[in-house]
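Visitor: predicted model and sequence below, questions to follow.
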Number of protein chains: 2
Amino acid sequence: MKFSPLVQELINAFKCLPGVGAKSAQRMAFHLLERNRIGGTKLAESLAKAMENIGHCRQCRTFTEQEVCDICLSPKRQARGQLCIVETPADVIAIEQTGEYQGLYFILMGHLSPLDGIGPDDLGLDILEKQLGQGQFSEVILATNPTVEGEATAHFIAELANKYQVNISRIAHGVPVGGELEYVDGNTLSHALSGRKHYSF
Amino acid sequence: MKFSPLVQELINAFKCLPGVGAKSAQRMAFHLLERNRIGGTKLAESLAKAMENIGHCRQCRTFTEQEVCDICLSPKRQARGQLCIVETPADVIAIEQTGEYQGLYFILMGHLSPLDGIGPDDLGLDILEKQLGQGQFSEVILATNPTVEGEATAHFIAELANKYQVNISRIAHGVPVGGELEYVDGNTLSHALSGRKHYSF
């Protein structure tokens, strides 16, 4: 004996979410059915709307329902002439929360990964190259993740950007603030040492 | 700067799921937008259909889109005259998977919890009493969870069922199969001892 068809269909549908297996899917379905039908209906509506209407920004490739996103449209940001290249839209939010950066972004939506068949065109590097060619940027900041794939991607983009008249920089690697040297891995520590700065009084 | 309105709405909507906070909601939204739009659309459809059409079985209170569920409709199960009382529809599936039980179920959809304002009527005990009054059951098996609330609920239902001509039983408490005595808690162990059975050759 199984659940009734519609309940089973709902449980199966929940399994498409990342990190959700049979048990979690069941728990989610029962939670909504039992305690939050309004929330469930709202989720269904948001999901349907989002799946249909959200596309990529024509300029920076982030998720948006507009043709060009609000960040790309800002004249203040355009005037800065800075372009920060990140892997995901979530990285944009993380950088925005620091309040340190006021320029534009380019979102790769992943990193180079030949084994998974993800090449330069899948990361929109043709769009990026066109933008660099227009000469609106004076600096390109490579803010991909400090992983093997992220470093390779940064290296690839640096070589590509080198053909144009732009400063190219990579975000600093080192000991995270609040961390303890004892527990920092050797690779990070050697980056922190080689990247040391002159002490300024 | 935030995500675009529709993306933010989707992330907020995901937070209604149990165990899903801001970060997981973001991950789910991005996963569907990036890699599984078809799955997302299907989830939206299943969810909308489920929230609108799934109600409770008139007899056993489980989730179903029919008026009376398949288990309750089965003449074979009705003929058994057994009624197993459980807390949730998931418990029904767990018991069904053992293949040990062939009777009908009654699902409380929770347990007595005066602090949360959950009383006998919220558990459908009025419906249960009416069914017991019709005299179709010879045995009532109390299969609520072996927690404080589950035990209290079982006790309450036992007293209620005692007014009618039925055998009342409670599922056995004891050492779980495959468990080790050393790691079993004292309460369970004392249940296992007091509930010991004569060894049959």
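Guide: Yep, that arrived. Since the structure is predicted, the reported quantities are computational estimates derived from the model, not experimental observations.
Visitor: which elements pack onto the helix or strand where A:Ile93 lies?
Guide: Under the criterion of DSSP states H and E, A:Ile93 resides in helix A:89-98. Helix A:89-98 sits against strand A:82-86, strand A:104-107, helix B:22-35, with contacts defined as 3 or more Cβ pairs under 8 Å, 6 or more residues apart in numbering or on different chains; DSSP states H and E. The C-beta positions use only the backbone N, C-alpha and C, and glycine is treated the same way.
Visitor: could I get the last one in CSV with only the CA atoms?
Guide: Written as CSV, here are the backbone C-alpha positions of helix B:22-35 (Å, rounded to 0.1, in the frame of the first residue of the first chain):
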residue,chain,number,x,y,z
ALA,B,22,17.7,31.5,4.1
LYS,B,23,20.7,29.7,2.7
SER,B,24,19.0,26.4,1.8
ALA,B,25,16.1,28.4,0.3
GLN,B,26,18.6,30.3,-1.9
ARG,B,27,20.3,27.1,-2.9
MET,B,28,17.0,25.4,-3.8
ALA,B,29,15.9,28.5,-5.9
PHE,B,30,19.2,28.7,-7.8
HIS,B,31,19.4,24.9,-8.3
LEU,B,32,15.9,24.9,-10.0
LEU,B,33,16.6,28.1,-12.0
GLU,B,34,19.9,26.9,-13.2
ARG,B,35,19.6,23.2,-13.6
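Visitor: ok, residues contacting that helix?
Guide: Helix B:22-35 is contacted from outside by A:16-19, A:47, A:50-51, A:54, A:63, A:88-90, A:109, B:7, B:10-12, B:14-15, B:17, B:20, B:39-40, B:43, using Cβ atoms under 8 Å, 6 or more residues apart in numbering or on different chains.
Visitor: tell me the centre residue of chain A?
Guide: A:Thr88 (1.0 Å; Cα atoms, centre = their mean).
Visitor: my guess is that residue meets A:Ile107, correct?
Guide: Yes: if you go by Cβ atoms under 8 Å, A:Thr88 and A:Ile107 touch, sitting 6.7 Å apart.
Visitor: break chain A into its domains for me.
Guide: A:5-53, A:59-170 (automatic domain parsing).
Visitor: can you give me the helices in chain A?
Guide: All helices of chain A, identified by DSSP state H, fall at A:5-14, A:22-35, A:37-53, A:70-73, A:75-80, A:89-98, A:125-133, A:148-161, A:186-194.
Visitor: got the angle between the third one and helix B:22-35?
Guide: Using axes from the mean of the first three to the mean of the last three Cα atoms, to 10 degrees, the direction of helix A:37-53 lies 40 degrees away from that of helix B:22-35.
Visitor: other SSEs contacting helix A:37-53?
Guide: Helix A:37-53 packs on helix A:22-35, helix B:5-14, helix B:22-35, helix B:37-53, going by 3+ Cβ pairs under 8 Å, 6+ apart.
Visitor: okay, now the unreliable bits of chain A?
Guide: By pLDDT under 70, the low-scoring segments of chain A are A:1.
Visitor: and the closest residue to A:Gln59 other than its chain neighbours, how far from B:His111?
Guide: Closest residue to A:Gln59 apart from its sequence neighbours, by Cβ to Cβ, 6 or more residues apart in numbering or on different chains: A:Cys72 at 4.3 Å. Using Cβ to Cβ, to the nearest Å, A:Cys72 is found at 54 Å from B:His111.
Visitor: residues contacting stretch A:168-187, please?
Guide: If you take Cβ under 8 Å, 6+ apart as the criterion, stretch A:168-187 is touched by A:139-143, A:146, A:154, A:158, A:161-162, A:188-189, A:191-192, A:195.
Visitor: ok, and of those residues, which contact chain B?
Guide: Among the contacts of stretch A:168-187, no residue is within reach of chain B (Cβ under 8 Å from any Cβ of the partner chain).
Visitor: ok, those residues vs A:Asp116, which is closest?
Guide: Nearest to A:Asp116 among the contacts of stretch A:168-187: A:Ala154, at 17.9 Å, using Cβ to Cβ.
Visitor: and the closest one, what does it touch?
Guide: Residues near A:Ala154 by Cβ under 8 Å, 6+ apart: A:Ile85, A:Leu142, A:Thr144, A:Arg170.
Visitor: bridged to the last one, which residues?
Guide: Beta-bridge partners of A:Arg170, counted by DSSP bridges, are A:Leu142.
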